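A.B. asks: Below are the sequence and a predicted model; questions follow.
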Amino acid sequence: MVTKKIRPGYNKTEVGVIPTDWNVKKFDEVMDGFFSGQTPYRGKPIYYTGNIPWITSGELNYNIITDTLEKITLEAVHDKNLKMLPKGTFLFAITGLEAEKTRGACAITGIETTTNQSCMALFPKKGLLITQYLYHYYVKYGKWLALKYCQGTKQQSYTAGIAKILPIIVPPNVEEQSAIAQVLSDTDALIESLEKIIEKKKKIKHGTMQELLTGKKRLSEFKGKWGTMAINDIAQRKEYSIVDGPFGSQMKVNEFVEKGVPVIEMEHLENRQSIGNVTRFITEQKFEIIKRSAVYPDDIVISKTGTLGLIGIIPSYIRRGIITSRLAKISVNKSKANVSFVFHWLRKLKLDDYWREVSQGGTMQILGIKMLKEAPFPKISLNEQSTIAQILSDMDREIEILEQKRDKYRQLKIGMMQQLLTGGIRLKWN
């Protein structure tokens, strides 16, 4: 086994390789206090009619909390002896850590607030540790710490005793900690600003869809009233133009191979026109057996169980593929409908909750092929379809570019955290 050489000026610790002038301390050594809250008695509804913020662990989302889902009265605070936490307090989840979304969850309070018993507040010792550095450290190491230190089988939790022995990498002075935290916080702010722009663009796109895809707003070059026909009327006039995937028993996991005919699954429908990367395949021989469910370039794929109405378009690089049993496909007659317009129309039906309203089943809703064929489709010219589709697709592309930029900064931040929080890169400060 090859042992990786540690460069001069660095030591190996349980948390990783760090500079020799940095330390790994226990939380108890660098904190002045640990506090978790309580839940006021639910049998007394008046407790929840106040204006005092009260945080639950579900609200810890690597964020600054400026409002809470529930608020309690001063009487509830007194009866439960709750501590009012000042603005700028670090919080992390201490129960339900078996859940991926809860494990490692943390936040900083942007208001004075209280919490329930699933959150723990930490108060760093002045001159030894700053809250902003603690926050970024826990964002990086929180999941690892929970997996290594938390107790319980069905429900994994921290106790105050365990929280006190958690390790933390501590740069030797708060000025260096502050410099590290500032760089990471600036990156977070950039990501957040992109998130806000993306959300704004999505709202504009949604409003545009509601106007253009209902005929409420007509483009100047098009006149006349919209009619209605069925999805089946725009399908190719051939066998298996609208069809679902093969039964599960006809395509089993143990039949997948490394190369062959691509298998299109629900996870590939990413709310954008082109489907995601395919990683599973079947043999040509198996394809011939179940090719009733084959898909080809420009076929539209839609989910018919679980989350109904997720959609995607088969790209040109997939010469032919096969869908799974949870999906259905529509082969569009291009002399009657624009494929991109059909995509946007189907997405509108999902946003309008149409699929849930017409689906069948109890716990597991199912969108049947008959329902899909009978779904409404606007009877307008191919030219108007193409023009509307271009407008909406351009908006989608703008959003996609912003999302790619945001994701790039997210990846950049991961690398920055790795370097800055282990001293791999040292910052200068004034």
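C.D. replies: Thanks, I have it. Numbering: from 1, shown residues only.
A.B. asks: Please save the CA atoms from stretch 134-149 in CSV.
C.D. replies: Extracted C-alpha coordinates of stretch 134-149, given in CSV (Å, rounded to 0.1, in the frame of the first residue of the first chain):
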residue,chain,number,x,y,z
LEU,A,134,-18.1,27.4,12.7
TYR,A,135,-21.0,27.5,10.2
HIS,A,136,-18.8,26.9,7.1
TYR,A,137,-16.9,24.1,9.0
TYR,A,138,-20.1,22.3,9.8
VAL,A,139,-21.5,22.7,6.3
LYS,A,140,-18.4,20.8,5.1
TYR,A,141,-18.1,18.2,7.9
GLY,A,142,-21.6,18.0,9.4
LYS,A,143,-22.7,14.8,7.5
TRP,A,144,-19.4,13.1,8.3
LEU,A,145,-19.6,14.0,12.0
ALA,A,146,-23.2,12.7,12.3
LEU,A,147,-22.3,9.4,10.6
LYS,A,148,-19.3,8.9,12.9
TYR,A,149,-20.6,10.2,16.3
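A.B. asks: tell me which residues in it are buried?
C.D. replies: The neighbour-count check on stretch 134-149 (16 or more other CB atoms under 10 Å) flags Leu134, Tyr135, His136, Tyr137, Tyr138, Val139, Lys140, Tyr141, Gly142, Leu145, Ala146 as buried. (Glycine included, C-beta is placed from N, CA and C.)
A.B. asks: closest to Arg42 among these?
C.D. replies: Ala146 (27.3 Å; CB to CB).
A.B. asks: Spatially central, which residue of the protein would that be?
C.D. replies: Nearest residue to the geometric centre of the chain (CA atoms, centre = their mean): Lys101, 10.2 Å.
A.B. asks: And whatever helix or strand Gly415 lives in, what does it pack against?
C.D. replies: Using DSSP states H and E, Gly415 sits in helix 382-420. Counting contacts by 3 or more CB pairs under 8 Å, 6 or more residues apart in numbering; DSSP states H and E, helix 382-420 is packed against helix 131-149, helix 174-212, helix 339-351.
A.B. asks: Distance of the residue nearest to the centre of the chain relative to Tyr62?
C.D. replies: 11 Å (CB to CB, to the nearest Å).
A.B. asks: roughly how far apart are the residue nearest to the centre of the chain and Asn271?
C.D. replies: 20 Å.
A.B. asks: and what of Glu112?
C.D. replies: In this view, Glu112 and Asn271 are 39 Å apart by CB to CB.
A.B. asks: if we can go back for a sec, possible to save the helices and strands packed on helix 382-420 as JSON lines with mean pLDDT and distance to Thr68?
C.D. replies: Output for these, formatted as JSON lines (pLDDT from 0 to 100; distance: least, CB to CB, whole Å):
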{"stretch": "helix 131-149", "mean pLDDT": "95", "distance to Thr68": "19"}
{"stretch": "helix 174-212", "mean pLDDT": "95", "distance to Thr68": "19"}
{"stretch": "helix 339-351", "mean pLDDT": "94", "distance to Thr68": "29"}
